[in-house]
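**Student:** Quick check, what structure comes out for this input:
(4 chains, ligands or ions: 2)
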Amino acid sequence: MPINDWFKQREGRRYTVSGQGCAEPATDGVPDGVWRSCPQCKGTLYQGDVARCLSVCPHCGHHFELIARDRIEALVDPGTFAEIDGALTSADPLRFSAGKPYGTSLERACQTTGMTDAALTGRAALGGHPVVVGALDFRFVGASMGSVVGERIARAFDLARDERRGVVLLVASGGARMQEGMLSLMQMAKTSAAAGRLAGAGLPYVSVLVNPTYGGVTASFAVLSDVIFAEPGAMIGFAGPRLVEQTIRRSLPKGFQSAASLVEHGMIDDVVPRVELRRRVSTVLDYLMPAHASGADAASGTQGGEL
Amino acid sequence: MPINDWFKQREGRRYTVSGQGCAEPATDGVPDGVWRSCPQCKGTLYQGDVARCLSVCPHCGHHFELIARDRIEALVDPGTFAEIDGALTSADPLRFSAGKPYGTSLERACQTTGMTDAALTGRAALGGHPVVVGALDFRFVGASMGSVVGERIARAFDLARDERRGVVLLVASGGARMQEGMLSLMQMAKTSAAAGRLAGAGLPYVSVLVNPTYGGVTASFAVLSDVIFAEPGAMIGFAGPRLVEQTIRRSLPKGFQSAASLVEHGMIDDVVPRVELRRRVSTVLDYLMPAHASGADAASGTQGGEL
Amino acid sequence: MARFVMEFERPLAELEEKLIALKALDIATTPELAAEIADLEREVERLRVTLYSALSPWEKVQVSRHPERPKTDDYVRGLFDDVVELRGDRAHADDQSMFTALATLAGRRVMVIGHNKGHSTKENVARNFGSPHPEGFRKAERAMRLAGRFGLPVVTFLDTAGASPGLEDEERGQAWAIARCLETLAGLPVPVVVAGIGEGGSGGALAIGFGDRMLMLEHSYYSVISPEMCAVILHKDAARAPESAAALSLTAADLLRLGIIDEVVPEPLGGAHREPDTVIAEVGLRIAAALDALAGDDRADLVERRYQRLRAIGVYNEAG
Amino acid sequence: MARFVMEFERPLAELEEKLIALKALDIATTPELAAEIADLEREVERLRVTLYSALSPWEKVQVSRHPERPKTDDYVRGLFDDVVELRGDRAHADDQSMFTALATLAGRRVMVIGHNKGHSTKENVARNFGSPHPEGFRKAERAMRLAGRFGLPVVTFLDTAGASPGLEDEERGQAWAIARCLETLAGLPVPVVVAGIGEGGSGGALAIGFGDRMLMLEHSYYSVISPEMCAVILHKDAARAPESAAALSLTAADLLRLGIIDEVVPEPLGGAHREPDTVIAEVGLRIAAALDALAGDDRADLVERRYQRLRAIGVYNEAG
Ligand SMILES: [Zn+2]
Ligand SMILES: [Zn+2]
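**Tutor:** Ligands and ions are numbered 1, 2, ... in the order given. Purely as a prediction, here's the structure:
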């Protein structure tokens, strides 16, 4: 567009990316339903209002936990998510039985979450861009990274590289999954290597860190992205706050390891409210996706007919 | 060599690079000659002893200033240095006459130093490796970088790239040469770009920072080397200590901007006494010179018959 | 808010005040007032033209530092859409004196990097008055590398008195951070367009201050050293800065003549702060034109040409 | 200096003391003493063999932490010539808990990178007991990149309880620094040989702890979490570390079985500190052999093979 025309059209445009907002809470005519209370503002909320706002308190902006599938659905273009690698399930290679047997923990996690492990990955479109998207679910053994999580993340990067897709990961984690011992620790190297290969192929990777993100996941693929966002209130670090406190033998400063303090310390690009996330990530992809990789058939893979 | 033979031969070898040492000072039978006093230990020294030790006080190790040519001769393989670009001389493009006229400063500097500008560069061999070597001489307008210094340094990098040589620079400087205004400032970009191209060509660059190294020279080619050494006692920084003191409005900590403190702050690899420098730099080149670039005819250029 | 009055504007400001005072009088009781006001108005207009149409280098330095002069974020707000600010050096801090963002100029996707002075004292403190710390340069380098990897042209805005000269800036490697910016910028395989919009102070400006097309506002400056510090070195007297400013050849016109920049963007009478929207739009036009002119170039050619451009800067004699 | 006695060695140490006491008695006045001493010597020898030839995982962890166990700099001193130590991260500090140097192993020029514990309390304080700060990992990354650019194989020595978990370590981006090491090491176009010589604690070890050939001393360990912290998480009781150590499969033998490492280097009875020179020489032999085996490989193949090696690590079911 000739720049002079554009100047004329510019009137009223916003200079920064704005959110989509969320619907007004329904305060009157309360239908039957579930009520929950907000830990931040102590308000009593109608579950329907919370859900309509992507599980964000409509009064104070507190971000409630979201399950992985809901996170992904809220982020990508509607109806485009197609799970991959769902058939992978955790083994118990070390027969880890110190404390609660690992097999028991896995079984319970599968039952309560309906997931096969802590990471959910798949193809999708985001703002029309072909991506591989993934999310970790804290309910599944603390979203710890064992062989299955590592493999799913590495495959996500590999698939994106093969099909010239971007990668967007919604990360939460307690760290490496100790019940798989060194097999878990090595997933840090594996996923980091995979992220490095994606970068080497000139494809973008955006990560979004949600509450909490710690340990071996922070110290590997989670922060190897081109742009790092975090959700408001997310706690993010390598060592957990209790360990740090024991190490330094004094109490921690206010806001330590909070998303907001990580922006100040130069570690992440911005804290992005959930309701603005889709727009923001999609805008980043507008800049970073190679022109030839984006197209109308963003959601369809190039290998076979699988979506 | 089979490693078992090598283990047998190992007896008595040193694990770290050691210096060449310097001859014992001649304390008796004083011949006629010049005496100088050491600013550090206050000792009175026979000039001949100082010279024999590369202008290092034989009592306390204080490093006296050295002129550029002597620095180069003390570093490279004997008899291999051949100056390049000696025909370049400074103009006075801005007719800079605030304060002492620039032309007058240049004339005096040429007379007192016998140099044509603050940088002396040339081909040489160092430990048998073909290099382009350079040194800046603080006596020449404070070794400030104007067009000639910038051009000589850039040509040094370009020549090394063309002839597959390493680069070794002995750097001292008060900073950019203000009498050439923005032409001087842009030499920072020019020399940095040239250093970057050498790196891109897979050739090594070692810099040695001597007292003092400041301003636009520190903030450009001086620190873009693969390995950075400094002489004992050298003061190195961007802003001069007086300006820093004015800015923070309190006195500076002891050792601020000293070579030793820069090692602690992670900025340079080591403080190397002058007497060990040849051995140390030559060892670095043993590691970093591409195998095919080094050879017996290290001192001869590939272009024309010029040494 | 009263307009900030620069030193050399004082005679004009006094006349303007007098004019305002006259206009406040009751014209009915003093019939000769009308003529007096008309005279004074002509006088004010004549002085305004005289003062501003031939600013000395030192006066231009003052205009370039005018607190109401448009800042980098005014250009960003005025010119760019879909701005995604990128923050942090991933090692120490987010330095707000350096602004980096993905941004779109009339459909052209670029990386914006600029020194960012504040509009208020509070903002200026947060932004260290536009003087970057080492982490600011490392943030800029990160933005450059990102742009290079994803093929985004880089647009930089220069507006700094210089790199921050504090104790901790030295300890965290100010020189090292600047040098890495220079090397990275020189080798960037994307077009680089530089706009000098205010102060261009020394190495701190240069770190993001050279490229394939360089433009400067008429009253901005770009200098190897501040006129004040130059005067202190030469005369031990900062008050002799006007002389130094003249000697340093630091105005946009000087630098165009020396071949260091490519174009001078005219400012309205009095300076960019008198009509900021006009100036911002004009700078936007020039940047867009430069981006379009560079868009088709082969990337290796671009880097080689940028190097040759740098190599050509410098004036010296070469005998024999 | 009295030898440091590990917990599980106490019964043996008591017998040894008793033996020394007996030997100090006057054999002339007590003729039956000779037989008693001979008996006790046999008893000591039997107990020694029993104790040390079947160390439990937790006992191995203790051996790996023995203060007299050879450290990275003992290997460097014992094996390498022409050592040029490289220092600093060029941004914050020189972290002495991470040793990086150009060095030559029997004619083989390499880059050495290793966690560096101290030999004395003073050295340990200077080296943070071998637990790197973010600047240590950034220094290691710098050394890796230098090695990559100049084609020098990388040899790493692992000996850390883990990355430093301090407040400022977090603030300076411990996780970020480790992650960058992982990415850089994975993509390095030169052979990487890893030697586990002591502790291999979690992400801090992994940052320099994977490559093309991985060897571990018999009594060193490599673990996703320290046995103590694992016990605290599982049982809220650090004293149950022995159980955790067994559960975590952290010994060299376990990791060989799991396919994570390639070879186990045997230690003399009692541990490496009993005959450090022998152990150091044996490790040198193994590293040299690994370097020679990898020397001829094409660099792109090397990186691809390293990636496939990493990709193959993990045990899971894949239905359908
Ligand atoms: Zn609330
Ligand atoms: Zn002395």
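
**Student:** Can you point out the buried residues in stretch A:78-96?
**Tutor:** For stretch A:78-96, a neighbour-count test (16 or more other C-beta atoms under 10 Å in any protein chain shown) marks A:80-81, A:83-85, A:88, A:90-94, A:96 as buried. Every residue, glycine included, has its C-beta placed from N, CA and C.

**Student:** Tell me if that stretch is near chain D.
**Tutor:** Yes. Counting by C-beta under 8 Å from any C-beta of the partner chain, chain D has neighbours in stretch A:78-96: A:87-91, A:93-94, A:96.

**Student:** still on that earlier bit, for the buried residues of stretch A:78-96, could you give me JSON lines that also reports distance to A:L198, secondary structure and pLDDT?
**Tutor:** Below are these laid out as JSON lines (distance: C-beta to C-beta, whole Å; DSSP: H, G, I helix; E, B strand; the rest coil; pLDDT from 0 to 100):
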{"residue": "A:T80", "distance to A:L198": "20", "secondary structure": "coil", "pLDDT": "98"}
{"residue": "A:F81", "distance to A:L198": "19", "secondary structure": "coil", "pLDDT": "98"}
{"residue": "A:E83", "distance to A:L198": "20", "secondary structure": "strand", "pLDDT": "98"}
{"residue": "A:I84", "distance to A:L198": "16", "secondary structure": "strand", "pLDDT": "97"}
{"residue": "A:D85", "distance to A:L198": "16", "secondary structure": "coil", "pLDDT": "96"}
{"residue": "A:L88", "distance to A:L198": "20", "secondary structure": "strand", "pLDDT": "96"}
{"residue": "A:S90", "distance to A:L198": "25", "secondary structure": "strand", "pLDDT": "95"}
{"residue": "A:A91", "distance to A:L198": "27", "secondary structure": "coil", "pLDDT": "93"}
{"residue": "A:D92", "distance to A:L198": "31", "secondary structure": "coil", "pLDDT": "94"}
{"residue": "A:P93", "distance to A:L198": "27", "secondary structure": "coil", "pLDDT": "95"}
{"residue": "A:L94", "distance to A:L198": "30", "secondary structure": "coil", "pLDDT": "95"}
{"residue": "A:F96", "distance to A:L198": "32", "secondary structure": "coil", "pLDDT": "93"}
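
**Student:** where along the stretch 1-150 of chain C do the helices fall?
**Tutor:** Under the criterion DSSP state H, counting those that start in this stretch, helices of the stretch 1-150 of chain C are mapped to C:10-24, C:33-53, C:57-64, C:72-79, C:121-126, C:134-150.

**Student:** quick one, what contacts the residue most central in space within chain A?
**Tutor:** Closest to where the C-alpha atoms of chain A average out (C-alpha atoms, centre = their mean) is A:L170, at 0.8 Å. Listed by C-beta atoms under 8 Å, 6 or more residues apart in numbering or on different chains, the contact set of A:L170 reads A:68, A:71-72, A:75, A:133-136, A:207-208, A:210.

**Student:** Out of these, which comes closest to ligand 1?
**Tutor:** Lowest distance from ligand 1 to the contacts of A:L170 (C-beta to the ion) belongs to A:V210, with 17.2 Å.

**Student:** wouldn't the closest one be in contact with A:S173 here?
**Tutor:** No. Counting by C-beta atoms under 8 Å, A:V210 does not reach A:S173; the two are 9.6 Å apart.

**Student:** hang on, the earlier thing: which one of the buried residues of stretch A:78-96 sits closest to C:E243?
**Tutor:** Lowest distance from C:E243 to these (C-beta to C-beta) belongs to A:T80, with 67.3 Å.

**Student:** Would you check that the closest one makes contact with A:G122?
**Tutor:** No. Using C-beta under 8 Å, A:T80 is not in contact with A:G122; the gap is 9.2 Å.

**Student:** Any idea how many residues pack against the closest residue to C:V192 other than its chain neighbours?
**Tutor:** Nearest residue to C:V192 in three dimensions, chain neighbours excluded: C:G211, at 3.0 Å (C-beta to C-beta, 6 or more residues apart in numbering or on different chains). Neighbours of C:G211 under the rule other C-beta atoms under 10 Å in any protein chain shown: 26.

**Student:** Over in the stretch 51-200 of chain C, which residue gets nearest chain A? Let me know.
**Tutor:** The nearest approach of the stretch 51-200 of chain C to chain A comes at C:G88, 3.2 Å away (C-beta to the nearest C-beta).

**Student:** What residues does that residue make contact with?
**Tutor:** By C-beta under 8 Å, 6+ apart, the neighbours of C:G88 are A:263, A:265-269, C:94, C:139, C:142.

**Student:** just C:Y75 next, same as before
**Tutor:** Residues near C:Y75 by C-beta under 8 Å, 6+ apart: C:114, C:157, C:195, C:197, C:280, C:283-284.

**Student:** Give me the subset of the residues you listed lying in strands.
**Tutor:** Residues of the contacts of C:Y75 located in strands (DSSP state E): C:114, C:157, C:195, C:197.

**Student:** Pull out the buried members of those.
**Tutor:** Buried members of those, scored by 16+ other C-beta under 10 Å, are C:114, C:157, C:195, C:197.
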